[in-house]
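Student: quick one: sequence plus predicted model below, questions after.
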Amino acid sequence: MGWEGRRNVSVQAATIERGGPDRRARRLELAGAGLLSAAMATAGVLAYAFQILAARTLTTNEYGQIGALWAALFIAVVVLFRPLEQTTSRAIADRLARGDEAASVLRSVAAVYCCLLVLVAIAAALAWEPLTRTLFGGTNFLTLMLVLGVAGYGVQYVARGILGGLRQFRALSGIHVGDGSIRLLAALPLLAVASKDVAAVALAVAGIGGALVPLWRSRREIAAVREGSPAQPFHMRAAVGFAVPAAVIAGSDQLLVNGAPLLVLGSSGGDKTRQAAIVFAATMLVRIPVFLFSGVAGSLLPNFTRLQAERDHGHVTRAVARVCVLFVGVTAVFVAAAAVAGPAAMKFLYGSEYVASSSDLALLGLGAGAYLFAATISQALLARALGARAAVAWAASALLFVAVFRFTGGSELHRVSLAVATGMVANTLLLALTLALSRRTRTQSATQPRVR
């Protein structure tokens, strides 16, 4: 019996032993989600501790610049490297599920990372002066930390893709916790020296610092990707083909999640840095569901991809439905909590200058809840290689977000809150419709007689 035959027999035996294909699929679809959610909850607490420490020790204008650095850093990182993470995770999970080697995936991804790093260096050199003037009030050091942070987080995102594809969820959890821990530890000197440069260094070093130990501890599992059938190698063009729509999704995602302070800084009117600080604090306050989901998302894509590779399409759709039903309750609770306790929490955590209304925080909470639905459905569409359709929905929602912010009135925070809620809810509806239509098309194709 060949290697592939032994693999099929072992899979069938494992299925029978565990109680049938339905029970096995139920276990697989959310494998690692609990562990990663706990890790992201810890990382979220650490991130909030960093934010509160920076807000309490820096002036409002300085904290506004750190908010701009945070937003610019994660927008750049997610746009450039989350597609690479998802490409890596999906390709490794798919090839291992089929019994193929995955070393060619690592070679292609490493080449893409190096190319992106060169592009970052060129873009930084060309845009250095306007970035420094517009975002950081002329402080070159913050621009330097932005560039170094992007490079370091690029390594982390590649590591997350590798460990996710291998379904090494314990090591992946270690990256999330390590990231938040290093950021907070590096920021502790703020207690003695209130310097925005210290906060900027903490942001920059967290990316690569959080990835080193989990990568080292998983070196044997990573080396094992050479095993398996020497099938058609994974080429760079395959990585690019998946990564392009994923990049559109990532860019739209980050505009909706992290782009608000940058929109405020780019708008007309005085005291923009102070308003950006308030917006940044408010959006961070209601981002708890997003932090938690980031861990779940790290497990959904490789798990859904494995089910797709095994042609278990129905379980993916049912898994999405079950997760979204759970999110209905989470969103309702969170919107109510943001409305009732949000204004007091803003002042208590950040200081008396950070004022926000109940209605604005409730709208931000609704946007955060809608994000959970949208991101879950996106993982299913990416697993089905329908990233282009998902990208259309995300791009349209991001444009709607910018339009609502641009053409509505009121305070900067109110405009942001309304824009976030509108964009995220519209995105959820568009993605749900896309998934429903894709399932209907697949069902019709399966029931149509073949033409001989």
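Tutor: Cool, got the structure.

Student: tell me the pLDDT at residue 257?
Tutor: The per-residue pLDDT reported for residue 257 equals 86.

Student: host element of the closest residue to it other than its chain neighbours?
Tutor: With C-beta to C-beta, 6 or more residues apart in numbering as the criterion, residue 257 has its nearest non-adjacent residue at 6.4 Å, and that residue is residue 290. Every residue, glycine included, has its C-beta placed from N, CA and C. Secondary structure assignment for residue 290, by DSSP states H and E: helix 288-309.

Student: any low-confidence regions in the stretch 1-150 of the chain?
Tutor: Within the stretch 1-150 of the chain, the segments meeting pLDDT under 70 span 1-33.

Student: now the helices for the stretch 251-400 of the chain?
Tutor: With helices called from DSSP state H, counting those that start in this stretch, the stretch 251-400 of the chain shows them at 260-266, 272-285, 288-309, 313-350, 358-383, 387-407.

Student: so the second one versus helix 313-350, what angle?
Tutor: I take that to be helix 272-285. If you take axes from the mean of the first three to the mean of the last three C-alpha atoms, to 10 degrees, helix 272-285 sits at 130 degrees to helix 313-350.

Student: report all helices and strands that helix 272-285 contacts.
Tutor: helix 33-57, helix 60-97, helix 260-266, helix 313-350, helix 358-383, helix 412-447 (3 or more C-beta pairs under 8 Å, 6 or more residues apart in numbering; DSSP states H and E).

Student: picking that back up, quick check: mean pLDDT of the helix holding residue 290?
Tutor: What helix 288-309 shows for mean pLDDT is 68.

Student: now stretch 427-435
Tutor: 93.

Student: cool, stretch 378-392 as well?
Tutor: Here the average pLDDT along stretch 378-392 is 86.

Student: would you mark the buried spots in that stretch?
Tutor: Within stretch 378-392, the residues that count as buried by 16 or more other C-beta atoms under 10 Å are 378-384, 386-387, 389-392.

Student: got a list of contacts for it?
Tutor: By C-beta atoms under 8 Å, 6 or more residues apart in numbering, the list of residues contacting stretch 378-392 from outside reads 86, 90, 242, 245-246, 248-249, 252, 297, 300-301, 304-305, 307-308, 313, 316-317, 319-320, 377, 394, 430-431, 434-435, 438.

Student: now it, how far from the chain's geometric center?
Tutor: Centroid separation between stretch 378-392 and its chain, computed with C-alpha atoms, centre = their mean, to the nearest Å, is 15 Å.

Student: which one is residue 284 nearest to, not counting chain neighbours?
Tutor: If you skip the residues right next to it in sequence, residue 284 has residue 51 as its closest partner in space, 5.5 Å away by C-beta to C-beta, 6+ apart.

Student: what's near enough to touch residue 409?
Tutor: residue 415.

Student: that one and residue 342, how far apart?
Tutor: Distance, residue 409 to residue 342, using C-beta to C-beta, to the nearest Å: 22 Å.

Student: show the contacting residues for residue 243.
Tutor: 83, 84, 86, 87, 112.

Student: can you report how many residues neighbour the third one?
Tutor: So the one you mean is residue 86. For residue 86, the count of nearby residues is 31 (other C-beta atoms under 10 Å).

Student: tell me how far the closest residue in space to it that isn't next to it in sequence lies from residue 322.
Tutor: In this structure, residue 86 finds its nearest non-sequential neighbour in residue 246, 5.1 Å apart by C-beta to C-beta, 6+ apart. As judged by C-beta to C-beta, residue 246 and residue 322 stand 24 Å apart.
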